[in-house]
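Participant: give me a 3D structure for the following:
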Amino acid sequence: MAPPALALWIQASLGAFILDGTPADVCAYPSAVLVRVDVSACSGTLIHPRVVALERSCPDFLPTSPTISFRFGEFTEVPNSSGPIVDVPRDQCTFNDVWGVCVLPEAVEFPIAPIAIGCERALAHRGAELTLVGNGTPVEGGFSVVKRIGTGTVSAVGDGIFVVEGEQLPCTGDGGSPAFVRLSDGSVRTVGIARTGSCRSLATYVDLAEHVDWIEEVTGFDVTPCHDAEGFPEPGPDCHDLYSGPTGDEGTWDELCIGAAAIPNPSVCPGDVTPPSVQIVQPESDVGFDDESATVDIVLDATDLGYGVRDVRLEIGGELLDAEDLDPPYQFELELPLGDWQIRGAARDWAGNVALSDTLVVHVGPVDPGPGVDETGTTTGERGSDDESPVDPGTDDTTTATTGAEPSAEAEDGSPKGCACDVADRDAGWLSLAWLGMLGLGRRRRRRAVDACRT
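Facilitator: Predicted coordinates:
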């Protein structure tokens, strides 16, 4: 038995202390792995047959070690509960400030749980229950590397991370152990990997869906086989045989978990064929401005009963602008020149369903005079709308669209002219978590600038 001081040091350096969790059956959640760097240990999560995500503190503890070892298995007293050991040169790993990924020399053979993205990630909302898996202590103060299974509830999401509460959480010092969500077709997805924990109240996880572009850039592999990088359904050649959770009859590691349950042809965003609803709530009705240009703030309300709203855009003169707003309240600031502008909101959900709002008409410039007689008897005109006051711009959290087109002008054949637009990113939007007492949640928004060109 290790001396108490040594046992505490080993416990602090090991990952995934799922307190009071249930010991895993052989080959249950095989993508949760134990990571060893010489005498240091932590956890990792297989997110692709050749890619493991892990927290960086464990490799940093012994930065001179040339090899990182990934050990598959449950490490219980049950025979054949220890799987293969895969050694990876450190130069096959890439880390950011907190975590990173390593590329295995060969693909594993058993089913895995890829990253949850799009409609799948939407299932891990606030209040959702996740399955937490890791190798660690059964009770506080104990010591073990047995893989255990627990549960936790999502309490906050933002800034590339999410927070989980519960009684079966990883302890401080854990890193890289996975959090899973189950889909309606029975398959399992990886939502994130553990960063920090307090053993009994809160644990912080990296939200892997927010980092797909970076993972694919540094590894060269598609880690979302059933979706594109934005999260929309796009089943590829690897969108099959995805892990569906433990059954108690997965086989053994001698057989490389040949019986691990898998969904042969997983459904992608199953059951959601209903488009979202969207309406323009500001301005409340058609509006006019006498100036040669006008700034108009457009506010929209959009909801979806399925997997949620993915983005909201504006359609102007029949052309869909590239500028998007991802978070409510959905706001756009338009710079409009002379003309009559027909504006609609367009909302898209995570299943790819699209809905359009009713049309808002904005007139900019003098209105053609209609018949009328002033006090001298001279024929004059009356303005069709006397609402010349600009709309309250509201908050600064807006998406800005500037257009130089004239969609109300007519082409030679009498049809309205359109408007083609290019997008230039300004500040990327994000949700930021701030610790105030236990936890506070703040938000910052995305701004887009759109320059439209004449067609």
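Participant: what's around residue 321, how many residues?
Facilitator: Using other CB atoms under 10 Å, residue 321 has 24 other residues around it. The C-beta positions use only the backbone N, C-alpha and C, and glycine is treated the same way.
Participant: if you could redo that for residue 85, that was the one I meant.
Facilitator: Residue 85: 13 neighbours (other CB under 10 Å).
Participant: so it is in which element?
Facilitator: strand 82-89 (DSSP states H and E).
Participant: ok now that strand, how far from the chain's centre?
Facilitator: Chain-centre distance of strand 82-89: 30 Å, with CA atoms, centre = their mean, to the nearest Å.
Participant: for the next helix-or-strand element following that strand, give me every contacting residue.
Facilitator: Downstream of strand 82-89, the first helix or strand assigned by DSSP H and E is strand 93-95. With contacts defined as CB atoms under 8 Å, 6 or more residues apart in numbering, strand 93-95 is touched by 56, 59, 68, 100, 101, 102, 103, 218, 219.
Participant: how far does strand 93-95 sit from its chain's centre?
Facilitator: For strand 93-95 - counting by CA atoms, centre = their mean - the centre lies 21 Å from the chain centre.
Participant: tell me how far the following helix or strand past that strand lies from the chain's centre.
Facilitator: Downstream of strand 93-95, the first helix or strand assigned by DSSP H and E is strand 99-103. A distance of 19 Å separates the centroid of the chain from that of strand 99-103, by CA atoms, centre = their mean.
Participant: show me what the helix or strand just after strand 99-103 is packed up against.
Facilitator: Per DSSP H and E, the first helix or strand lying C-terminal to strand 99-103 is helix 119-122. Using 3 or more CB pairs under 8 Å, 6 or more residues apart in numbering; DSSP states H and E, the elements in contact with helix 119-122 are strand 188-197.
Participant: any idea of the angle the strand it packs on forms with strand 99-103?
Facilitator: 130 degrees (axes from the mean of the first three to the mean of the last three CA atoms, to 10 degrees).
Participant: which helix or strand lies directly C-terminal to strand 188-197?
Facilitator: strand 202-207.
Participant: that next one pairs with which strands?
Facilitator: strand 161-165 (antiparallel), strand 188-197 (antiparallel) (DSSP bridges).
Participant: winner for burial among those strands?
Facilitator: strand 188-197 (a mean of 26; mean count of other CB atoms under 10 Å).
Participant: show the average pLDDT along that one.
Facilitator: Taken as a whole, strand 188-197 has a mean pLDDT of 87.
Participant: re earlier: list the contacts of the strand holding residue 85.
Facilitator: So strand 82-89 is contacted by 30, 52, 66-75, 102-106, 253, 256-257 (CB under 8 Å, 6+ apart).
Participant: list the buried residues in stretch 127-134.
Facilitator: Neighbour counts over stretch 127-134 (16 or more other CB atoms under 10 Å) mark 128, 130, 131, 132, 133, 134 as buried.
Participant: CA atoms only: put that stretch into PDB for me.
Facilitator: The C-alpha trace of stretch 127-134 is given here as PDB (Å, rounded to 0.1, in the frame of the first residue of the first chain):
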ATOM      1  CA  GLY A 127     -31.300  21.300 -17.000                       C
ATOM      2  CA  ALA A 128     -30.300  18.300 -19.200                       C
ATOM      3  CA  GLU A 129     -28.900  15.300 -17.500                       C
ATOM      4  CA  LEU A 130     -25.500  14.000 -18.800                       C
ATOM      5  CA  THR A 131     -23.600  10.800 -18.200                       C
ATOM      6  CA  LEU A 132     -20.200  11.400 -16.700                       C
ATOM      7  CA  VAL A 133     -17.500   8.700 -16.900                       C
ATOM      8  CA  GLY A 134     -14.000   8.500 -15.500                       C
END
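Participant: quick one: distance of it to the chain centre.
Facilitator: Offset of stretch 127-134 from its chain centre (CA atoms, centre = their mean): 17 Å.
Participant: what's the distance between the residue lying closest to residue 345 once chain neighbours are set aside and residue 294?
Facilitator: Nearest non-adjacent residue to residue 345, counting by CB to CB, 6 or more residues apart in numbering: residue 357, 3.9 Å away. Remark: distance between residue 357 and residue 294 (CB to CB, to the nearest Å) = 20 Å.
Participant: ok, now residue 134?
Facilitator: 57 Å.
Participant: again, but for residue 276
Facilitator: From residue 276 to residue 294 the distance is 29 Å (CB to CB).
Participant: residue 308 too?
Facilitator: For residue 308 relative to residue 294 (CB to CB), the value is 33 Å.
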